[in-house]
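Novice: Okay, sequence plus prediction incoming.
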Amino acid sequence: MLDQPRILFVADLNVYAKGHARLRALGRLGAEVTAITHTAIGGDDKGHLDFSLAFRLAWKLGIHLDTEGVNARLPDAARDLQPAIIWIEKGNMIRPATLRQLREACPNAMICAYSEDDMFNTLNRTRAFTKGLAGYDIVFTTKSYNANADELPALGARRCIMVDKAFDPEQHFPVDCSDEERAAYGGDVGFIGTYAVERGTDLLHLANAGFFVRVWGNGWEAFSETHPNLVIERRALVNTDDDLRYSKGIAATRINIGFLRKANRDLQTDRSIEIPACGGFMLAEHSDEHARLFADGKEAVYYRDHDELVEKTRYYLSRKDERQAIAAAGRQRCLDSGYSHDDRLKFMLSQALDTRR
């Protein structure tokens with residue numbers, strides 16, 4: 001447990017958002033937290049908001065509209081709370097002037113940035129974020145290459161620390177599915193995630209090889225291919241406080257595909273940890289980070305090309321006992337190796353607090 005540090009926490013606090021999961025984890029760790037959402041509450045059915053035309057146009061210009069008035073609220077909140085840590089998740093709307101005000105209001109506080117996206121990619125960051133990077137004491141990222149000297153440090157980040165992805169122990173665990181839920185969410189091979197061209201190609205390849213494939217996620221209306229073995233649900237599976245649909249989808253699927261998104265230069269994703277944490281069998285694209293997180297053939301299974309994807313899908317579909325043993329070992333690895341949000345936050349907060357001392 002932590003010694004109840006005061007934290008001013010700024011993030012997307014929608015129930016489906018990872019920021020909400022980390023906020024709960026801070027509570028379990030014993031931190032005293034004042035939380036401010038930088039994103040409007042809504043979009044539970046999709047796992048995201050439908051942004052206005054004005055918002056989307058501003059984004060194309062490199063501006064994230066501050067719809068929740070965070071820049072005006074933060075300095076006063078910091079002055080009142082006098083936190084040890086000011087934690088800002090993907091602060092694309094936070095202005096450099098606001099960071100200077102925070103430094104004046106709380107000269108002893110550690111100002112930390114955190115993002116799970118590739119923030120060196122100009123598609124993911126705003127001009128305000130880039131100009132404000134030097135205003136953070138520590139920048140935490142789940143993209144290892146972002147910590148390289150020629151990436152975020154070259155843009156002004158003073159200290160950049162990589163952390164792996166995580167699971168939420170309140171959501172990502174082996175859930176019991178009814179027969180009706182297995183029929184509603186499951187299948188032989190499944191993928192839960194946003195559309196990308198290469199993902200559609202790989203899933204169609206599996207369907208052509210004779211496997212029944214089920215896909216959940218946003219953006220799949222852009223996928224025009226059809227196949228009798230390929231079911232595109234064209235809607236997200238999102239966990240809420242009332243219904244763990246995402247976790248049920250993993251539990252109800254014999255083989256869960258773990259794609260890496262090429263546009264994000266992914267070496268691991270949220271699903272890389274969440275599928276094993278849910279007790280699901282994961283067949284994922286090989287990467288050095290995947291191989292470090294889970295032992296190939298023991299705690300997860302990896303493929304390197306289309307042929308290996310088909311070969312390993314065929315092999316493990318016919319071997320239930322092996323699938324279940326690997327899935328159980330992957331779940332245990334999550335628990336034994338500290339892959340939860342709680343454990344990740346312990347590490348990050350210790351880095352911040354040790355620096356502050």
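Specialist: Yes, it's here. Because the structure is predicted, anything quoted here is derived from the model rather than measured.
Novice: Do you have the strands of the stretch 201-350 of the chain handy? List them.
Specialist: Assigned by DSSP state E, counting those that start in this stretch, the strands in the stretch 201-350 of the chain fall at 213-216, 230-232, 253-258, 282-285, 301-303.
Novice: Name the residues of the second one that are buried.
Specialist: Of the residues in strand 230-232, 230, 232 count as buried by neighbour count, 16 or more other CB atoms under 10 Å. Glycine gets a C-beta too; all of them are placed from N, C-alpha and C.
Novice: helices and strands around it, which ones?
Specialist: helix 197-208, strand 213-216 (3 or more CB pairs under 8 Å, 6 or more residues apart in numbering; DSSP states H and E).
Novice: got the buried residues for the longest one?
Specialist: By neighbour count, and taking 16+ other CB under 10 Å as the criterion, the buried residues in helix 197-208 are 199-200, 202-204, 206-207.
Novice: Spell out the residue ranges of the helices in the stretch 151-300 of the chain.
Specialist: Taking DSSP state H, counting those that start in this stretch, the helices of the stretch 151-300 of the chain run over residues 179-185, 197-208, 245-251, 270-277, 288-293.
Novice: Quick one: neighbours of Ser52, just the number.
Specialist: Ser52: 11 surrounding residues under other CB atoms under 10 Å.
Novice: now it: how far from Ala222?
Specialist: Distance of Ser52 to Ala222, given as CB to CB, to the nearest Å: 21 Å.
Novice: Tell me where the stretch 1-150 of the chain has helices.
Specialist: Using DSSP H, counting those that start in this stretch, helices in the stretch 1-150 of the chain cover 18-29, 53-60, 70-81, 96-105, 127-132.
Novice: do you know which of the ones you listed lies nearest Ala277?
Specialist: Distance to Ala277, taken as CB to CB, is lowest for helix 18-29 among these, at 11.8 Å.
Novice: how much does the closest one deviate in direction from helix 270-277?
Specialist: Our comparison of helix 18-29 with helix 270-277, counting by axes from the mean of the first three to the mean of the last three CA atoms, to 10 degrees, yields an angle of 50 degrees.
Novice: Pick out the residue closest to the middle of this structure.
Specialist: Centroid-nearest residue in the chain, with CA atoms, centre = their mean: Asp270, separated by 4.2 Å.
Novice: wait, doesn't that one sit right on Asp164?
Specialist: No - look at Asp270 against Asp164 with CB atoms under 8 Å: they stay out of range, at 10.8 Å.
Novice: Which pLDDT value goes with the residue lying closest to Ser144 once chain neighbours are set aside?
Specialist: Spatial nearest neighbour of Ser144, chain neighbours left out: Met162 (4.7 Å); criterion: CB to CB, 6 or more residues apart in numbering. For Met162, the pLDDT comes out at 97.
Novice: does Met162 really touch Ile138, like I thought?
Specialist: No - with contact defined as CB under 8 Å, Met162 does not reach Ile138; the gap is 11.5 Å.
Novice: So which of those two has more stuff around it?
Specialist: Per other CB under 10 Å, whichever of Met162 and Ile138 has more neighbours is Ile138, with 20 against 15.
Novice: need the contact list for that one.
Specialist: With contact set as CB atoms under 8 Å, 6 or more residues apart in numbering, Ile138 has these partners: 110, 112-113, 158-161, 351-352, 355.
Novice: ok, now with 7 Å
Specialist: Counting by CB atoms under 7 Å, 6 or more residues apart in numbering, Ile138 touches 110, 112, 159, 161, 351-352, 355.
Novice: Report the beta-bridge partner residues of it.
Specialist: Under DSSP bridges, the beta-bridge partners of Ile138 are Cys112.
Novice: State the pLDDT value of it.
Specialist: Ile138 carries a pLDDT score of 98 in this model.
Novice: next one: Ala263
Specialist: pLDDT, Ala263: 85.
Novice: Now do the residue located most distally from the centre of the chain against Arg95, distance only.
Specialist: The C-alpha centroid of the chain is most remote from Glu104, which lies 32.1 Å away (CA atoms, centre = their mean). Separation of Glu104 from Arg95 (CB to CB) stands at 14 Å.
Novice: do the same with Phe294
Specialist: Per CB to CB, Phe294 is found 40 Å from Arg95.
Novice: out of the two, which sits in the more crowded spot?
Specialist: Between Phe294 and Arg95, counting by other CB under 10 Å, Phe294 is the more crowded of the two (27 against 20).
Novice: number of nearby residues for the nearest residue to that one once chain neighbours are set aside?
Specialist: Excluding the flanking residues, the one nearest Phe294 by CB to CB, 6+ apart is Ala300, at 3.9 Å. By the criterion of other CB under 10 Å, Ala300 has 26 neighbours.
Novice: Also Ala109?
Specialist: Residue neighbour count, defined by other CB under 10 Å, stands at 22 for Ala109.
Novice: Please determine how far the residue nearest to Ala147 when sequence neighbours are not counted is located from Ile255.
Specialist: Among residues not flanking Ala147 along the chain, Cys160 sits closest, at 4.2 Å (CB to CB, 6+ apart). According to CB to CB, Cys160 stands 36 Å off from Ile255.
Novice: How about Ile161?
Specialist: 34 Å.
Novice: With Leu29 instead?
Specialist: Noted for Leu29: a distance of 35 Å to Ile255, by CB to CB.
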